[in-house]
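Q: from the sequence below, what's the structure:
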Amino acid sequence: MEKITSFTIDHIKLQPGVYVSRKDPVGDQVITTFDIRMTSPNEEPVMNTAELHAMEHLAATFLRNHKEFGPKVIYWGPMGCRTGNYLLLNGDYESRDIVPLMIEMFEFIRDFEGEIPGASAKDCGNYLDMNLGMAKYLAKKFLDEVLYDIKPDRLVYPE
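A: Now for the predicted structure:
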């Protein structure tokens, strides 16, 4: 079998950033998959499931309610390696196109107070495995270290 595209990225050189992972034609539309890489693979500790889970609930809620991008959101969810998340949007986008959206979303997570949407036994299959405090900490870290002054090399996969 051939390696899938995401396994051909040099994870030794990969740093936190916002990357186009792939673009897939679906009929006359394009689905753009973004790699929202929050930690440096194989260098930094991975994110724990509790904070990723809290972040997933908050990000998905924010994105699906966004006035401009809400109708274009296909999916937001964590990577199995726990170094980031995937965002799938209906449309042909580049990384720079969604940086303002990511800033807005991670500020929402950083500043969130109250009950996490969908964090109940009725709404979620593992509602007890959430850590809002760490989700907020990681959102702030990503904003401060990457998004607020994102460099061109953090928008395109390393060669």
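Q: state which helix of the chain is the longest.
A: The longest helix of the chain (DSSP state H) is helix 49-64.
Q: determine the set of other helices and strands touching it.
A: For helix 49-64, the packing partners by 3 or more Cβ pairs under 8 Å, 6 or more residues apart in numbering; DSSP states H and E come out as strand 73-78, strand 84-90, helix 99-111, helix 132-145. Any C-beta I mention is one placed from the backbone N, CA and C, and that applies to glycine too.
Q: what's the most buried one of the ones you listed?
A: Ranked by mean neighbour count, these are led by strand 84-90 with a mean of 20 (mean count of other Cβ atoms under 10 Å).
Q: mind checking which of the helices and strands packed on helix 49-64 is nearest residue 155?
A: Evaluated with Cβ to Cβ, these place helix 99-111 nearest to residue 155, the distance being 7.8 Å.
Q: OK, contacts around residue 139?
A: Residues in contact with residue 139 (Cβ atoms under 8 Å, 6 or more residues apart in numbering) are 55, 106-107, 109-110.
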